[in-house]
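Visitor: here is a sequence with its predicted model. Questions after.
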Amino acid sequence: MPCTTMGSWNSAPEKETVVDAIKALADPDLREAARERLAAQGSAAVGALLGELLGADSAVPHGQIEFVLAMRIGPAAFDEVQAAPAAAGDEESRRRVSRVFVALHTVERYVEALSHPSAKVRSSAAYGIQCACSVAYGREPNPDVDYPLVIDALTPLLADPDPEVAQRAEWVLTMLGPDVVDRMRDVRLHGPGKLRSRALSVLASVGGEEALSPADRAVVDRLIRIKVLDDRPQSLDTCSTSWIAVPTGDQRGVMELLDLFEARPATFELGLNVGVHDSHDGAEYGRVYVTPEVDGWTLVLGPWCNPVDPERAEDVLRVVTELSRRYGRGQAYYFGEQGGGSGWLVVEEGTVVRRFGSYWDDDGARYTVGEPLSEERAACVEEGITPVGDPGADDEEWTDLAGYLAPQLAEQLSVSPLDLGPQNTVRGIGAVALTPYAREHGRPHTGAYAI
């Protein structure tokens, strides 16, 4: 098309084709007028727009086509957009169509599409409901939505034969507000049985343990007590992991000294899930996972154990020192993956041997106590830099290395929770317990965790 200015566009013949209008979306000078012409065509332009969107060599920005379909043509495009994923030749094309589909914000049509024979369409419809109806993270309810109707329509998908659809339905139900609780309780009580398991997860996610009936709480407790009998160690890597390590199998004594309370049996998997939950979206100091004895050590896992957290550092120093007086040694570590930093604390017989932190953009100086450990110096040699503490050592090189060093030191000095597995010898069972912080600041919010 030879037109290159808004004026020449306006003088173009009225019979200009849809194809020409689509091509004009690539020209910033012609774009707005092209949108108007395509919107005026309505459903007649949808097929060509989708063909361009699915094309591998289109010169038109995908976002422009998506905008016209979703924002200018809108619900009139629904049927063809819904059918388009079947024509998509690759996953990227399907994602483009899905973006249009969920941007249409037609909740009634999404509800109808939840029974579509295509799993891709059912999943996209559930996601469309999520985008249009979610009240998560403080969002206000959509005043145009009948939430009980939407919840009823989504509930059967908890047993969808496609696991991705079932998972999406579970996620969306957790975002639809308090009306979900009574519906899931009804499923738990009256069935159908194939929905009960995921309904329990939805209840736990929405309202925590408090949302469960006494019977459901008993079921969960019984399942945990069965699973811990055959529990096996596994990595407790939470991406932002803090832990205390004590050379003892006296789990009860460790918990008493730390003033932990309301301890309940927990598998390694449950401990990991609690740790992941409590380490993300802000540190939760009110709860920890206490391992069984692992190769002669008991580990206490959770943000409450971080020896270089500004809010926790001094209290962790105090409790680890007390542990070392009773058990000879006590250690605490922090490790944040992807540049989150490291920290460690080593105490023997009540004396602090070493504390060091390389934490985010902090140089760690305010946490430093004691001389570098021989293991720290050996790590420098292994890395090919002058050992920390030696004349000529480069502080920047040391800080860069120290930011990743906590797991290695833990493995050398005690047991690292990040490397647990079948090779470790375990005695006893683990427990999730509340910390003194929970007494002062309130109980932590619970959720749905794998057991």
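Guide: Yep, it's here.

Visitor: and for Pro163, the neighbour number?
Guide: Neighbour count of Pro163, defined by other Cβ atoms under 10 Å: 9. Any C-beta I mention is one placed from the backbone N, CA and C, and that applies to glycine too.

Visitor: also Val300?
Guide: For Val300, the tally of surrounding residues (other Cβ under 10 Å) stands at 28.

Visitor: sheet partners, orientation included, of the strand or helix carrying it?
Guide: Here Val300, judged by DSSP states H and E, is contained in strand 298-301. Here strand 298-301 has these sheet partners by DSSP bridges: strand 240-246 (antiparallel), strand 287-290 (antiparallel).

Visitor: what's the first helix or strand after it?
Guide: Using DSSP H and E, the helix or strand that follows strand 298-301 towards the C-terminus is helix 313-327.

Visitor: quick check: next helix or strand after the worst-scoring helix or strand of the chain on mean pLDDT?
Guide: Across the helices and strands of the chain, mean confidence by mean pLDDT, DSSP states H and E is lowest for helix 6-10: a mean of 37. Next along the chain after helix 6-10, taking DSSP H and E as the criterion, comes helix 18-24.

Visitor: what are the buried residues along that next one?
Guide: Going by neighbour count (16 or more other Cβ atoms under 10 Å), the buried part of helix 18-24 is 18, 20-24.

Visitor: mind checking how far it is from the chain centre?
Guide: 42 Å (Cα atoms, centre = their mean, to the nearest Å).

Visitor: tell me what that helix is packed against?
Guide: Of the remaining helices and strands, those touching helix 18-24 by 3 or more Cβ pairs under 8 Å, 6 or more residues apart in numbering; DSSP states H and E are helix 31-41, helix 46-54.

Visitor: give me whichever of the ones you listed is most buried.
Guide: Among these, helix 46-54 has the highest mean neighbour count (mean count of other Cβ atoms under 10 Å), at a mean of 20.

Visitor: quick one: average confidence on it?
Guide: For helix 46-54, mean pLDDT is 87.

Visitor: equivalent analysis for stretch 388-397, please.
Guide: Taken as a whole, stretch 388-397 has an average pLDDT of 85.

Visitor: return the distance of it from the chain's centre.
Guide: Centroid separation for stretch 388-397 versus its chain: 38 Å, with Cα atoms, centre = their mean.

Visitor: kindly report the same for stretch 221-235.
Guide: 23 Å.

Visitor: do the same with stretch 184-202
Guide: Distance, centroid of stretch 184-202 to centroid of chain: 24 Å (Cα atoms, centre = their mean).

Visitor: repeat that for stretch 346-357.
Guide: Centre-to-centre, stretch 346-357 and its host chain are 34 Å apart (Cα atoms, centre = their mean).

Visitor: likewise stretch 368-388?
Guide: Remark: stretch 368-388 is offset 35 Å from the chain centroid, using Cα atoms, centre = their mean.

Visitor: nearest to Arg329, of the buried residues of helix 18-24?
Guide: Nearest to Arg329, judged by Cβ to Cβ, of these is Ile22 at 71.1 Å.

Visitor: so what's that closest one scoring on pLDDT?
Guide: In this model, Ile22 is scored at 88, pLDDT.

Visitor: cool, the one 10 residues further on as well?
Guide: Glu32 is assigned a predicted lDDT (pLDDT) of 90.

Visitor: circling back: need the CA coordinates for the strand holding Val300. CSV is fine.
Guide: Extracted C-alpha coordinates of strand 298-301, given in CSV (Å, rounded to 0.1, in the frame of the first residue of the first chain):
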residue,chain,number,x,y,z
THR,A,298,19.5,-31.7,63.8
LEU,A,299,18.6,-28.8,61.4
VAL,A,300,16.1,-26.0,62.0
LEU,A,301,14.9,-24.5,58.8
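
Visitor: pLDDT of that strand, averaged?
Guide: Average pLDDT, strand 298-301: 96.

Visitor: separation between Ser134 and Pro156?
Guide: Distance of Ser134 to Pro156, given as Cβ to Cβ, to the nearest Å: 20 Å.

Visitor: again, but for Glu108
Guide: Taking Cβ to Cβ as the measure, Glu108 falls 17 Å from Pro156.

Visitor: neighbours around Ile244, how many?
Guide: 27.

Visitor: just checking, it touches Tyr334?
Guide: No - assessed by Cβ atoms under 8 Å, Ile244 is found out of contact with Tyr334, at 10.6 Å.

Visitor: between the two, what contacts are shared?
Guide: With contacts defined as Cβ atoms under 8 Å, 6 or more residues apart in numbering, the residues shared by Ile244 and Tyr334 are Cys305.
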